[in-house]
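Participant: A structural model of the following input is requested.
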Amino acid sequence: MGTDSVDIRGTLAGEKITAKPTHTWLEFRDRLSYARGFESVSVHGGGGADTARLYDSHGDDEFELAPGKSYLAGVGFRYEVLALSL
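Facilitator: Numbers count the residues shown, from 1 in each chain. Purely as a prediction, here's the structure:
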């Protein structure tokens, strides 16, 4: 069985990223990108004053925070936040 994945790309404007084990969304000024049912989600900020909220599961999860790349992973999910301008 494979792993379903999706890439969500932001713009030069500031976006709000919210990632939960069951779904992820990226709020733009005039629209919303929503992903559900994917085990792997990558969000690329694209510039601007972006914000990200990553929510963990009830189990044991792994979190890494580094310049330019952060991720949170647990059983059945992994999401990355890349190139975020905070």
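Participant: Okay, and I17 sits in which element?
Facilitator: Assessed by DSSP states H and E, I17 sits inside strand 16-19.
Participant: so how far is the helix or strand just after that strand off the chain centroid?
Facilitator: Next along the chain after strand 16-19, taking DSSP H and E as the criterion, comes strand 23-27. Centre-to-centre, strand 23-27 and its host chain are 7 Å apart (CA atoms, centre = their mean, to the nearest Å).
Participant: Within its sheet, name the partner strands of strand 23-27 and how each one runs.
Facilitator: In the sheet, strand 23-27 lines up against strand 16-19 (antiparallel), strand 32-36 (antiparallel) (DSSP bridges).
Participant: Give the buried residues for the first one.
Facilitator: The neighbour-count criterion (16 or more other CB atoms under 10 Å) identifies 17-19 as the buried residues of strand 16-19. Using the backbone N, CA and C atoms, a C-beta is placed for each residue, glycine as well.
Participant: Show me the contact partners of that strand.
Facilitator: Outside strand 16-19, the residues that touch it by CB atoms under 8 Å, 6 or more residues apart in numbering are 10, 24-27, 41, 43, 45, 50-55, 72, 79, 81, 84.
Participant: And for stretch 79-86?
Facilitator: Here stretch 79-86 has contacts from 17, 19, 24, 40-52, 54, 68-73, using CB under 8 Å, 6+ apart.
Participant: Show the buried residues in those.
Facilitator: 17, 19, 24, 41-46, 50, 52, 54, 70-73.
Participant: Not counting sequence-adjacent ones, nearest residue to R9?
Facilitator: Closest residue to R9 apart from its sequence neighbours, by CB to CB, 6 or more residues apart in numbering: H44 at 4.7 Å.
Participant: what sits up against the helix or strand containing L65?
Facilitator: Assigned by DSSP H and E, L65 falls within strand 62-66. The contact list for strand 62-66 (CB under 8 Å, 6+ apart) reads 54, 56, 70-74.
Participant: which sections of this protein are below the confidence cut-off?
Facilitator: 1-2, 85-86 (pLDDT under 70).
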